[in-house]
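Asks: 3D model of this:
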Amino acid sequence: MATPSQLSITLKRSQIGHPQKMRLVLKGLGLRRIGHTVVRPDTPQVRGLVNKVRHLIEVASP
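Replies: Numbers count the residues shown, from 1 in each chain. Okay, the predicted model is just below:
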């Protein structure tokens, strides 16, 4: 699935009712719908995006 230097990110909660900035962060991560999973590199930039919406997503590092 993903290499050790990557993160598997899954959207677990809806973005409805959250500020536009959070919606843009989810869009930047590539998350579109609940249950959608994307694999992103484990970089400080991606970690910063993940930190902004950590209550909406689930992160796994294989």
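Asks: ok, the residue nearest the centre of the chain to Asn51 distance?
Replies: Nearest residue to the geometric centre of the chain (Cα atoms, centre = their mean): Ile9, 4.7 Å. According to Cβ to Cβ, to the nearest Å, Ile9 stands 12 Å off from Asn51. (Glycine included, C-beta is placed from N, CA and C.)
Asks: low-confidence regions, this protein specifically.
Replies: For the chain, the stretches flagged by pLDDT under 70 are 1-4, 62.
Asks: let me know the outermost residue of this structure.
Replies: Within the chain, Gly17 marks the point farthest from the mean C-alpha position, 17.3 Å out by Cα atoms, centre = their mean.
Asks: wait, a helix at that one?
Replies: No - read with DSSP: H, G, I helix; E, B strand; the rest coil, Gly17 is coil and lies in no helix.
Asks: residue contacts, it?
Replies: Under the criterion of Cβ atoms under 8 Å, 6 or more residues apart in numbering, Gly17 has no neighbours.
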